[in-house]
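> turn this into a structure:
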Amino acid sequence: MIKTKILVFALAWAAVPALVHAQPAWPSRPVTLVVGYGAGGTTDILARALSEELGKQTGQTFVVENKPGANSNIGTEWVSRANPDGYTLLVGSTANSINNSLYKGLRFDLRKNFTPLARIGSVPNLLVVNKQSPISDLNGYIAKAKEGQGALTCASSGVGSAIHMSCELFNIQANTKIRHIPYKGSAAAMTDLLGGHVDSVFDNMPTVAANVRAGQLKALAVTTAKRSPAFPDTPTVTEVLGKPYSVESWFGIFGPAGMDPAVTTAISTQINRALSSENYRRRVEDLGATPPDTAHNSPADFSRFVDSELDKWRMVVDQLQLTME
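From the prediction side, this is the model:
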């Protein structure tokens with residue numbers, strides 16, 4: 001009898017660690033997705049599309065919280081200080097990989113203070129010029145740019161934006177000196193491009209596609225490594241330059257550093273399931289974005305991609321000696 005009691009006690013005690021370390025299924029309560037920009041932009045739209053799908057498939061509430069300011073740095077820092085339990089997540093983007101080396105006073109580091117979980121979409125950039133421009137292709141654009149400093153201008157939505165950095169990376173790879181003209185937002189830059197006050201812009205495809213199709217702008221090149229199905233006759237920069245060049249406005253989900261691997265896997269699995277839904281893919285494609293390949297969208301896959309983006313933009317920032325406070 002005593003031996004039986006001892007055996008039962010030993011078996012019960014052996015099970016305690018498993019109970020202590022067991023993780024509840026994610027999510028078991030509401031989840032907050034933090035967007036570092038105001039409502040209505042691409043990051044916000046993708047976040048809301050994803051939260052809707054995640055809510056449907058899990059039965060839990062997903063809240064999109066906008067914390068705009070400092071080119072998304074305010075919201076990003078807020079998530080870096082959150083509990084790493086998987087219930088406060090960041091909807092990050094290309095801007096975060098640029099900001100990491102551009103802003104010298106950041107109180108967080110994308111590599112050290114975050115857990116990459118999954119990509120949720122990407123948007124190509126198009127190099128476009130006004131319909132009245134004598135430039136008709138990328139070779140002509142490069143030839144004009146090499147006539148001298150300031151022979152060509154490129155507009156952007158602001159210093160350090162993906163649109164700006166697309167132009168600067170092009171300068172490096174093509175050995176040109178296209179002069180950057182920053183604006184307070186993409187809309188103002190587009191207005192001056194359409195008005196003929198600036199020569200070009202490397203803008204997000206959804207922003208410029210309608211004007212290209214209407215004949216108001218000419219598309220010279222797409223900035224991604226492969227041609228876009230939306231503009232199959234437009235070459236990539238790499239095709240013309242013969243040098244590696246790849247820029248896209250990407251979007252992904254990050255958690256704070258120190259997350260439990262089991263929770264990380266659970267979140268990634270749920271996100272990829274949401275990304276595969278017909279509704280999400282349709283909404284992303286209607287926006288002019290491309291959903292990721294879910295077969296290669298694990299936390300490890302996304303982490304490697306983020307590392308490559310951080311390295312690429314640090315090279316550009318350092319070479320141009322750019323800095324923001």
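
> chain center to the biggest helix by length in the chain: distance?
In the chain, assigned by DSSP state H, the helix with the most residues is helix 299-320. Offset of helix 299-320 from its chain centre (CA atoms, centre = their mean, to the nearest Å): 12 Å.

> tell me which residues in that helix are buried?
299, 301, 302, 303, 305, 306, 309, 310, 312, 313, 316, 317 (16 or more other CB atoms under 10 Å). Bear in mind the C-beta positions are built from the backbone N, C-alpha and C, glycine included.

> got JSON lines for those, with pLDDT and distance to residue 166 too?
Below are the buried residues of helix 299-320 laid out as JSON lines (pLDDT from 0 to 100; distance: CB to CB, whole Å):
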{"residue": "299", "pLDDT": "98", "distance to residue 166": "27"}
{"residue": "301", "pLDDT": "98", "distance to residue 166": "24"}
{"residue": "302", "pLDDT": "98", "distance to residue 166": "22"}
{"residue": "303", "pLDDT": "98", "distance to residue 166": "24"}
{"residue": "305", "pLDDT": "97", "distance to residue 166": "18"}
{"residue": "306", "pLDDT": "98", "distance to residue 166": "18"}
{"residue": "309", "pLDDT": "96", "distance to residue 166": "13"}
{"residue": "310", "pLDDT": "97", "distance to residue 166": "17"}
{"residue": "312", "pLDDT": "94", "distance to residue 166": "11"}
{"residue": "313", "pLDDT": "95", "distance to residue 166": "11"}
{"residue": "316", "pLDDT": "92", "distance to residue 166": "10"}
{"residue": "317", "pLDDT": "94", "distance to residue 166": "14"}
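
> tell me where this protein has helices.
2-21, 42-58, 73-80, 94-102, 138-145, 162-174, 186-194, 205-213, 237-241, 261-275, 278-286, 299-320.

> elements contacting the third one?
Based on contacts counted as 3 or more CB pairs under 8 Å, 6 or more residues apart in numbering; DSSP states H and E, the elements that helix 73-80 packs against are strand 31-35, strand 88-93, helix 94-102, strand 248-256.

> and residue 78, how many neighbours?
If you count neighbours by other CB atoms under 10 Å, residue 78 ends up with 16.

> could you do residue 201 as well?
Around residue 201 there are 31 residues (other CB under 10 Å).

> shouldn't it be in contact with residue 155?
Yes. Contact criterion CB atoms under 8 Å: residue 201 and residue 155 qualify, at 4.6 Å.

> who touches both of those two?
189, 190, 193 (CB atoms under 8 Å, 6 or more residues apart in numbering).

> any idea which of these is closest to residue 101?
Minimum distance to residue 101 across these is 23.3 Å, recorded for residue 189 (CB to CB).

> quick one: contacts for that closest one?
Contacts of residue 189 (CB under 8 Å, 6+ apart): 155, 156, 157, 163, 181, 183, 198, 201, 203.

> switch to 6 Å and redo it
155, 157, 183, 201 (CB atoms under 6 Å, 6 or more residues apart in numbering).

> gap between it and residue 27?
According to CB to CB, to the nearest Å, residue 189 and residue 27 sit 39 Å apart.

> could you do residue 294 as well?
19 Å.

> which one's more surrounded, the two?
Legend: neighbour count by other CB under 10 Å for residue 294 and residue 27, higher for residue 27 (20 against 17).

> which residues does that one contact?
So residue 27 contacts 58, 60 (CB under 6 Å, 6+ apart).

> tell me the phi and psi of it?
Per-residue torsions, residue 27: phi -100, psi 150 (degrees, to the nearest 10).

> tell me the pLDDT at it?
pLDDT for residue 27: 96.

> same question for residue 21.
Turning to residue 21, the model gives it a pLDDT of 48.

> residue 253 too?
98.

> try residue 315
pLDDT recorded at residue 315 is 93.

> with residue 101 instead?
Reported pLDDT for residue 101: 95.
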